[in-house]
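A.B. asks: could you look at this predicted model? Sequence included:
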Amino acid sequence: MTEARFDLIYSNSSLHGSKFPTLICGFPGSGYVGKLAIDHLIHELNASHLVDIYSNTFPPQVMIKPDGTVDLIKNAMFYHESPTSPSLNMMFLTGDSQPSNPDAEYLLAETILEIASKFSVLHVYALAAYITGVFVQKPRVFCTASDMESLRSINTPDIAVMDGGAITGMNGLIIGLAKLKGMRGTCLLGETSGYVVDAKASRSILEVLTTRLGIEISMDALDARAKDTEMLIKTIEQQMGQTSGGRLEGPEQTTQSDPRNTGYIS
C-alpha cells in the first residue's frame, strides 16, 4: 500500500498567534448535508482562505470549476475573524472528498486537528447526515457530543439526542479524535432520505448551529436549492409510482422506532 501523503499549501501566514475557539467541519457524504451547510456558512460569512490540503489518498480526479478550469481534489480550511468578539472567531473545514481508506482518514483528521491546535481551537463541530430512507417536509436534527456539558449546551426539545449507533467517516472521526486531544466535539446531523442532495437537511442543522454560536446568516441560497430538491423528489415519486403521505416507500426504507438499531452515515 502506498504511504499516505498530505501536502499543505497555505495562502495566509499572517495569522500566527491568532485564536479561533471554534472549528466547524463539513465533509461530503450522504445527501451532501454537511458539505452544503459548511460551504454556505463559508460563503455567507465571507470567510478567508487559510490552507489547501492535498493527498494521494483522495480519488484520482480533478474538479471542474464554474469558470471552466480544473483543480485537484482537496480539503480546505477557512477562517472568519469576528468584528465584535474574539470568542466568535471561527475556522471552517470543507472538502471535495473523504480519503479512500480508514488509515488515511485517521491521518487526515490528525492533520486537521494539528492545524486547529495552532490556533487554539477549543470546540470542534461536525455537520453530517442522519439517513432515514424517507422524504420529510421538515428534517429533524440529531446530535451527539464528546461530553455532557457540550451536549447540554445544545440540547433543546426540538433536537434529538442519539443514544446508540455509530457515525461513520470523517464527520464522526474528527470529533472522536478532538476529544482525545482535549478539545470538545459536537456532531449535528440533519435528517435526510439519503437519495438526493438535501439542502433542507443542511438548513436544519445550520439553524441549530447559528443559534448555538450566536451568529446570523441569510438562508436564501439554501432555500432556493431546497426548492430544486423538492421538484426532484416529486419527479422521483411520480416515476416510481410509490408515494404515500409525501414519503418514498420501498424495500430500502428504514424505520426509526428504535434509533439504536440504525447506522448513522455521515
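C.D. replies: Yep, it's here.
A.B. asks: any idea of the mean pLDDT for stretch 152-168?
C.D. replies: Averaging pLDDT along stretch 152-168 gives 89.
A.B. asks: what are the buried residues along it?
C.D. replies: Neighbour counts over stretch 152-168 (16 or more other Cβ atoms under 10 Å) mark I154, I159, A160, M162, G165, I167, T168 as buried. C-beta: built from backbone N, CA, C; applies to glycine.
A.B. asks: could I get these as a markdown table with secondary structure?
C.D. replies: What follows is those, written out as a markdown table (DSSP: H, G, I helix; E, B strand; the rest coil):
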| residue | secondary structure |
| --- | --- |
| I154 | helix |
| I159 | strand |
| A160 | strand |
| M162 | coil |
| G165 | coil |
| I167 | strand |
| T168 | strand |
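A.B. asks: show me what the lengthiest helix in the chain is packed up against.
C.D. replies: Of all segments of type helix in the chain, defined using DSSP state H, the longest is helix 220-240. Applying 3 or more Cβ pairs under 8 Å, 6 or more residues apart in numbering; DSSP states H and E, we find helix 220-240 packed against helix 33-44, helix 199-213, strand 247-248.
A.B. asks: my read is that V141 contacts G190, right?
C.D. replies: Yes. The pair V141 / G190 is scored as a contact, 6.0 Å apart, by Cβ atoms under 8 Å.
A.B. asks: neighbour count winner among those two?
C.D. replies: Neighbour tally, V141 and G190, criterion other Cβ atoms under 10 Å: the higher count belongs to G190, 28 against 21.
A.B. asks: how about H49: what's its closest non-neighbour residue?
C.D. replies: S11 (4.9 Å; Cβ to Cβ, 6 or more residues apart in numbering).
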